[in-house]
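1. Sequence below, structure please.
(one chain, ligands or ions: 2)
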Amino acid sequence: MSKSVEKQFAIGVDYGTNSVRALVVDVADGTEIASSVYEYPSGDQGILLDRKDPHLARQNPADYIDGFEASVTGAIRMAKKQKQSGFRAENVVGIGIDTTGSTPIPVDKTGMPLAMSGKYKKNLAAQAWLWKDHTSAAEAAEITAKAERSKDGYLTKCGGIYSSEWYWAKVLHCKRSSPEVFDAAYAWVELADFVPGYITGNMNPDTMPRGICAAGHKAMFHDDWGGLPKNAFLKKLDADLPKVAEHYTANSSTCDETVGGLTEQIAKKVGLSAGVPVAVGAFDAHMGAVGAGVKPGTLVKIMGTSTCDVTVWPLDQPLADIPGVCGIVPGSVIPGMYGLEAGQSAVGDIFNWFVKQLVPAKYAADGDAHVALTAAAEELKPGESGLLALDWNNGNRTVLVDPLLSGMLIGQTLHTTAAEIYRALVEATAFGALAIINRFEEYGVEVKEVVNCGGIAEKNPMVMQIYADVCNRPMKISRSAQTCALGAAIFGAVVGGAYKNAPAAQKKMTGTKTTIYRPRKAAVKTYAELYKLYMQLHDAFGTSTSDAKLSNVMKDLIAIRTRVAKESG
Ligand SMILES: Nc1ncnc2c1ncn2[C@@H]1O[C@H](COP(=O)(O)OP(=O)(O)O)[C@@H](O)[C@H]1O
Ligand SMILES: O=C(CO)[C@@H](O)[C@@H](O)COP(=O)(O)O
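-> Ligands and ions are numbered 1, 2, ... in the order given. Purely as a prediction, here's the structure:
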């Protein structure tokens with residue numbers, strides 16, 4: 001009798017904003033065998049905050065290390081219990097990692113985070129600078145201004161504006177606000193590079209592979225100007241910045257490459273074999289796109305705390321530089337194709353803010369206030385509340401790329417209800433989503449299909465119906481409830497030799513659900529009217545070129561807030 005071929009498995013580890021999740025999948029068809037989540041224990045839901053500065057968001061790097069061990073151990077343990085899956089830990093062929101970003105970490109010469117040694121343990125500047133840390137707005141504006149004057153075209157691949165969420169702005173802000181930490185750091189390593197480096201013992205900042213996803217989207221790495229920005233440009237920002245570039249590995253790698261094998265020590269801790277190949281890391285959104293089956297013409301929306309919009313484009317077809325689209329990077333999603341990234345800096349975070357701060361207790365009485373508000377908001381018709389909101393509570397990432405914009409709600413009366421506001425906030429995020437789709441298409445990137453994934457796409461059908469109505473397009477949902485981790489696992493399968501490349505793996509391992517949210521005629525009509533008004537507010541408050549001359553309002557409010565906070569110590 002012939003011996004049956006044993007199944008092979010891959011693991012995807014997805015580092016989100018508040019937690020890390022490990023997923024074990026069968027490489028033959030993407031079946032999800034087991035998963036385990038580790039909530040970061042430090043700070044407020046894993047985020048270290050500063051009472052005096054709402055723009056600050058840091059993370060304890062130790063949570064990432066503990067999180068790898070705990071989530072992978074948990075997933076393996078659970079997989080072993082699924083007897084029918086045929087899982088055996090020795091048959092895990094590869095591991096892929098995705099993380100938030102830009103989340104750079106100041107590290108020492110060995111690659112260990114400064115925050116993990118005594119002196120800097122409590123220093124906020126020595127922690128990981130989480131993607132949504134917006135303390136570096138002034139530095140981002142300065143980088144934009146100086147890059148605009150440079151002949152090298154550094155802004156062409158990042159939408160024309162450098163963001164305060166990104167690498168160089170954060171490193172420069174550290175130099176200016178915490179020079180002792182900047183001086184102590186040997187290098188700055190993105191979380192997406194740190195984790196694969198750590199688990200393979202390949203942490204030397206000078207030699208560790210660094211992913212093209214983080215480098216290209218956040219650190220202005222591009223072949224057009226020979227890799228990272230030139231020293232002459234960095235020196236204009238700060239004489240010490242070239243030192244940071246010097247320790248940033250010059251050749252950026254794609255996720256079908258291997259960082260190394262799992263170290264014996266970590267393999268033992270998590271219950272895997274030493275040497276299992278680990279793929280080069282990338283951002284959660286990009287891996288989400290892979291896990292949702294992205295291909296040219298498909299826009300994947302990864303809808304969670306924030307939303308990222310990711311698509312790909314063939315390298316051999318013309319592609320314009322798209323203003324406001326925050327990244328166009330060859331190989332950042334699928335090797336051999338351009339990866340394009342746009343997004344909204346807050347989506348679920350806006351709903352969460354409302355639920356936590358402003359919603360009457362009765363909505364939380366029976367459990368989740370999101371669910372109760374959604375049930376009430378679902379009863380409303382588009383336009384019925386008379387409300388319209390802007391989705392900028394955490395700034396605008398696309399197309400305005402301005403962290404110093406804020407949220408807004410217009411049309412309240414003394415009868416306005418919490419459910420009406422909740423719905424208006426959802427609609428505002430849908431209008432922001434449409435503005436992004438329109439921008440892609442204006443520049444020739446056709447969006448033939450939209451596939452959604454992430455927590456919100458999974459949890460809230462009303463949100464998806466509103467998006468279908470506002471965007472006047474069907475909204476599909478990725479088959480996997482853990483699409484980012486699945487995307488990472490796909491690269492685990494590729495580096496483990498199960499597939500020759502990512503598209504081959506995607507064909508077998510990804511899919512969409514049978515439920516598709518289709519646009520409803522009447523709603524589409526009303527939302528088209530509301531979108532015009534949304535764009536009027538958008539341009540008035542968000543651009544200096546609008547006739548309305550309101551673009552100072554949000555910024556002046558922030559300036560007054562900062563001044564008053566400073567005055568009161
Ligand atoms: N039922 C719901 N409807 C809409 N949003 C929700 C609901 N439940 C949670 N959220 C929001 O989803 C976000 C979390 O999304 P998720 O994809 O799980 O996390 P992450 O973005 O960190 O990966 C939170 O901001 C939360 O406010
Ligand atoms: O900005 C990026 C990727 O470029 C994301 O990592 C960031 O929006 C965080 O996403 P999540 O909130 O984890 O869904």
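2. ok, and the closest non-adjacent residue to residue 172?
-> residue 139 (4.3 Å; C-beta to C-beta, 6 or more residues apart in numbering). For the C-beta atoms, the positions are set from N, CA and C on the backbone; glycine is no exception.
3. Isn't the one you found up against residue 177?
-> No: checked against C-beta atoms under 8 Å, the pair residue 139 and residue 177 is beyond contact range at 9.4 Å.
4. who has more neighbours, these two?
-> Relative neighbour count places residue 139 above the other of residue 139 and residue 177, with 24 against 14, counting by other C-beta atoms under 10 Å.
5. name the element the more buried one belongs to?
-> Assigned by DSSP states H and E, residue 139 belongs to helix 137-149.
6. Show me what that helix is in contact with.
-> 55, 154-155, 161-164, 166, 168-170, 172-173, 176, 220, 229, 233, 236-237, 403-404 (C-beta atoms under 8 Å, 6 or more residues apart in numbering).
7. residues of whichever helix or strand comes after it that come out buried?
-> Next helix or strand after helix 137-149 toward the C-terminus (DSSP H and E): helix 167-177. By 16 or more other C-beta atoms under 10 Å, the buried positions in helix 167-177 come out as 167, 168, 169, 170, 171, 172, 173, 174, 175.
8. And the average pLDDT for helix 167-177 is what?
-> When pLDDT is averaged over helix 167-177, the result is 98.
9. Enumerate the positions of the helix holding residue 139 that are buried.
-> Of all the residues in helix 137-149, those buried under the rule 16+ other C-beta under 10 Å are 137, 139, 140, 141, 142, 143, 144, 146, 147.
10. Quick one: neighbours of residue 264, just the number.
-> Residue 264, neighbours per other C-beta under 10 Å, totals 12.
11. Look up the closest residue to it, ignoring the ones flanking it.
-> residue 274 (4.1 Å).
12. sorry, back to before: would you tell me which one of the buried residues of helix 167-177 comes nearest to ligand 1?
-> Closest to ligand 1 out of those is residue 170 (19.6 Å), distances taken as C-beta to the nearest ligand atom.
13. one step back: quick check: the residue nearest to residue 264 touching residue 262?
-> Yes: the pair residue 274 / residue 262 is scored as a contact, 5.9 Å apart, by C-beta under 8 Å.
14. Look at these two and report which has more neighbours.
-> residue 262 (26 against 12).
15. ok, and the closest non-adjacent residue to the more buried one?
-> Excluding its sequence neighbours, the residue lying closest to residue 262 (C-beta to C-beta, 6+ apart) is residue 276, at 4.5 Å.
16. again, but for residue 448
-> residue 297 (3.9 Å).
17. For the one you found, report the pLDDT, please.
-> The per-residue pLDDT reported for residue 297 equals 97.
18. same thing with residue 37?
-> At residue 37, pLDDT is 98.
19. So it: helix, strand or coil?
-> strand (DSSP: H, G, I helix; E, B strand; the rest coil).
20. That one - how many residues pack around it?
-> By the criterion of other C-beta under 10 Å, residue 37 has 19 neighbours.
21. now it: how far from residue 16?
-> Residue 37 sits 9 Å away from residue 16, going by C-beta to C-beta, to the nearest Å.
22. Same check on residue 222?
-> Following C-beta to C-beta, the distance that separates residue 222 from residue 16 is 28 Å.
23. For ligand 1, what is the nearest residue in the stretch 351-500 of the chain?
-> Nearest residue of the stretch 351-500 of the chain to ligand 1: residue 455, at 2.4 Å (C-beta to the nearest ligand atom).
24. got the contact list for that residue?
-> Applying C-beta under 8 Å, 6+ apart, one finds that residue 455 lies in contact with 303, 304, 305, 348.
25. Next, give phi and psi for it.
-> Main-chain dihedrals, residue 455, degrees, to the nearest 10: phi -50, psi -40.
26. Domain parsing of the protein, as residue ranges.
-> Split into domains by the TED database, the chain comes to 9-279, 303-568.
27. Tabulate these in a markdown table, adding columns for distance to ligand 2.
-> As requested, the domains of the chain are arranged in a markdown table below (distance: least, C-beta to the nearest ligand atom, whole Å):
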| stretch | distance to ligand 2 |
| --- | --- |
| domain 9-279 | 4 |
| domain 303-568 | 3 |
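28. What strand or helix carries the closest residue to residue 31 other than its chain neighbours?
-> Once flanking residues are discounted, residue 31 sits nearest to residue 25: 6.5 Å by C-beta to C-beta, 6+ apart. Assigned by DSSP H and E, residue 25 belongs to strand 19-26.
29. which helices and strands sit right next to that strand?
-> Applying 3 or more C-beta pairs under 8 Å, 6 or more residues apart in numbering; DSSP states H and E, we find strand 19-26 packed against strand 9-15, strand 32-39, helix 61-81, helix 483-495.
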